[in-house]
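*Asks:* A predicted structure for the sequence below; I have some questions about it.
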Amino acid sequence: MDEQLNRLDSHPDALRIRSKKLEGGVATLIVDGSGMRNDERKAMETRLREAAGTIPGVSEVRIAMTAARKGAAPMIAIGSGKGGVGKSTITANLAVALARMGKKVGLIDADIYGPSQPTLLGAPQRPEAKDKQLIPVDTAFGVKLLSVGQLVPAGQALAWRGPMAAGALAQLTDGDWGDVDLILVDLPPGTGDVQLSLVQKAKPVGAVIVSTPQDLALIDATRAIDLFARTDVPVIGIIENMAGYICPHCGEESDPFGSGGAEASAARLGVPFLGRLPLSASLRKASDAGRPPAAEDGPAGETFVALAKALLDALERNPS
Ligand SMILES: Nc1ncnc2c1ncn2[C@@H]1O[C@H](COP(=O)(O)OP(=O)(O)OP(=O)(O)O)[C@@H](O)[C@H]1O
Ligand SMILES: [Mg+2]
């Protein structure tokens with residue numbers, strides 16, 4: 001009986017098992033090996049073979065490993081060295097701008113400990129699942145979204161340890177993304193082990209770094225670039241955020257955090273500069289209310305469309 005094989009549900013590799021069958025003592029497992037190195041795949045196969053072999057009634061184990069997901073859309077990770085620089089805001093709005101340009105866009109909120117995309121895109125509802133695969137939530141802006149924030153109440157994921165966090169991320173990346181053209185991945189802040197393993201698991205084709213213009217933030221951005229270099233992910237561009245402030249009352253422009261620092265750093269590091277976004281109170285208000293400015297006409301919308309175009313251009317120049 002197949003129920004015997006349900007013992008595998010608590011196996012560390014359980015999320016990778018796509019189907020299992022027991023017939024005449026032969027256990028047949030279909031296992032998703034996408035995004036894994038060959039040696040990792042072999043090691044997983046050995047673990048599952050051993051685990052299934054010890055189940056009563058199983059005399060033979062057959063494992064079919066599926067390779068890369070068919071037609072898997074390229075993922076682009078959005079990262080930063082430090083927190084609060086506007087990664088999530090920019091990721092949400094880039095996704096919306098790309099959708100307005102006719103792209104089919106997915107967004108994975110990989111900030112497992114502080115998911116903000118359900119708020120930014122006004123899509124807190126729980127995704128449905130089919131055959132253990134999550135179906136991304138259609139937001140009102142033509143972007144499909146999966147976030148841990150849709151799966152657990154705020155704050156709950158904070159206690160997760162490494163393996164649980166990795167398992168949660170795998171559920172998001174292995175969601176039923178359908179025929180999206182590309183997927184943006186909003187990373188948590190920082191360059192620690194969590195980010196390293198997230199990047200290794202998600203296997204993005206490229207990364208975008210968000211930085212504010214001041215020197216300290218740029219040192220952190222350099223760290224983020226290092227992180228991607230260590231994981232063989234090409235950095236396809238830098239975006240400068242909170243560059244310049246236009247006073248809503250008198251129209252005077254000022255530079256609370258300086259301006260142009262990220263562009264200069266990009267040039268020094270040989271990384272494309274994709275553009276800058278000014279500090280704007282209306283952008284923050286609209287973001288908090290789940291109304292991404294990229295969905296509307298106006299200066300902010302135009303800025304995000306320009307950034308999205310620069311991103312697509314940079315991606316084309318950086319084929320992988
Ligand atoms: N250009 C901007 N003008 C005004 N406010 C901004 C701008 N960019 C981001 N913000 C605001 O700054 C705060 C932090 O932005 P956001 O959450 O996008 O940053 P983050 O880098 O994703 O942060 P975390 O590291 O916590 O994930 C938010 O309140 C957001 O609305
Ligand atoms: Mg964020």
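*Replies:* All right, it came through fine. Ligands and ions are numbered 1, 2, ... in the order given.
*Asks:* what is the three-state secondary structure of Pro127?
*Replies:* Here Pro127 is recorded as coil under DSSP: H, G, I helix; E, B strand; the rest coil.
*Asks:* list the residues that contact it.
*Replies:* Counting by CB atoms under 8 Å, 6 or more residues apart in numbering, Pro127 touches 134-137, 146, 150-151, 175. (C-beta placed from N, C-alpha, C; glycine too.)
*Asks:* output those as JSON lines; include the columns secondary structure, distance to Ile236 and pLDDT.
*Replies:* Output for these, formatted as JSON lines (DSSP: H, G, I helix; E, B strand; the rest coil; distance: CB to CB, whole Å; pLDDT from 0 to 100):
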{"residue": "Leu134", "secondary structure": "strand", "distance to Ile236": "27", "pLDDT": "93"}
{"residue": "Ile135", "secondary structure": "coil", "distance to Ile236": "29", "pLDDT": "95"}
{"residue": "Pro136", "secondary structure": "coil", "distance to Ile236": "23", "pLDDT": "97"}
{"residue": "Val137", "secondary structure": "strand", "distance to Ile236": "27", "pLDDT": "97"}
{"residue": "Leu146", "secondary structure": "strand", "distance to Ile236": "22", "pLDDT": "96"}
{"residue": "Gln150", "secondary structure": "helix", "distance to Ile236": "28", "pLDDT": "93"}
{"residue": "Leu151", "secondary structure": "coil", "distance to Ile236": "29", "pLDDT": "88"}
{"residue": "Gly175", "secondary structure": "coil", "distance to Ile236": "23", "pLDDT": "91"}
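*Asks:* neighbour count added to these, as CSV?
*Replies:* Below are those laid out as CSV (neighbours: other CB atoms under 10 Å):
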residue, neighbour count
Leu134, 20
Ile135, 15
Pro136, 24
Val137, 21
Leu146, 29
Gln150, 20
Leu151, 18
Gly175, 21
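*Asks:* beyond the helix or strand hosting Thr89, next helix or strand please.
*Replies:* Per DSSP states H and E, Thr89 falls inside helix 87-100. Next in sequence after helix 87-100, counting helices and strands by DSSP H and E, comes strand 105-109.
*Asks:* wait, does that next one make contact with ligand 1?
*Replies:* No. Strand 105-109 lies apart from ligand 1 when judged by CB under 6 Å from any ligand atom; the minimum separation is 9.7 Å.
*Asks:* ok, now which ones touch the residue in the stretch 151-300 of the chain that ligand 1 sits nearest to?
*Replies:* Nearest residue of the stretch 151-300 of the chain to ligand 1, counting by CB to the nearest ligand atom: Pro189, 3.2 Å away. Residues in contact with Pro189 (CB under 8 Å, 6+ apart) are 80-85, 87, 111.
*Asks:* just the buried ones from the residues you listed?
*Replies:* Neighbour-count burial (16 or more other CB atoms under 10 Å) is assigned, among the contacts of Pro189, to 80-82, 85, 87, 111.
*Asks:* what about the nearest residue to Pro136 once chain neighbours are set aside, which SS state?
*Replies:* Nearest residue to Pro136, sequence neighbours excluded (CB to CB, 6 or more residues apart in numbering): Lys144, at 3.7 Å. Classification of Lys144 by three-state DSSP places it in strand.
*Asks:* any chance of the contacts of Pro189 in TSV, plus pLDDT?
*Replies:* Formatted as TSV, the contacts of Pro189 follow (pLDDT from 0 to 100):
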residue	pLDDT
Ser80	91
Gly81	87
Lys82	86
Gly83	89
Gly84	91
Val85	93
Lys87	96
Asp111	89
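*Asks:* longest helix in this protein, by number of residues?
*Replies:* helix 299-317 (DSSP state H).
*Asks:* buried ones in stretch 297-316?
*Replies:* 300-301, 303-305, 307-308, 310-312, 314-315.
*Asks:* kindly report the same for stretch 205-219.
*Replies:* Quick answer for stretch 205-219 (16+ other CB under 10 Å): 205-214, 217-218.
*Asks:* pLDDT below threshold where in the stretch 201-320 of the chain?
*Replies:* 215-217, 318-320 (pLDDT under 70).
*Asks:* and the helices in it?
*Replies:* Along the stretch 201-320 of the chain, counting by DSSP state H, counting those that start in this stretch, helices occupy 215-230, 261-269, 281-288, 299-317.
*Asks:* re the thing from before, hmm, which two among the buried ones among the contacts of Pro189 are most spread apart?
*Replies:* Using CB to CB, the two most remote members of these are Gly81 and Asp111, lying 14.8 Å apart.
*Asks:* kindly report the residues of this structure close to ligand 2.
*Replies:* 87-88, 111 (CB under 5 Å from the ion).
*Asks:* as CSV, could you dump the C-alpha coordinates of whichever strand or helix holds Leu196?
*Replies:* Following DSSP H and E, one finds Leu196 within helix 193-202. The C-alpha coordinates for helix 193-202 follow below in CSV (Å, rounded to 0.1, in the frame of the first residue of the first chain):
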residue,chain,number,x,y,z
ASP,A,193,24.9,32.6,5.8
VAL,A,194,21.1,32.9,5.4
GLN,A,195,21.6,35.0,2.3
LEU,A,196,24.4,32.8,1.0
SER,A,197,22.2,29.6,1.2
LEU,A,198,19.2,31.4,-0.2
VAL,A,199,21.2,32.5,-3.2
GLN,A,200,22.7,29.0,-3.6
LYS,A,201,19.2,27.5,-3.5
ALA,A,202,17.4,29.9,-5.8
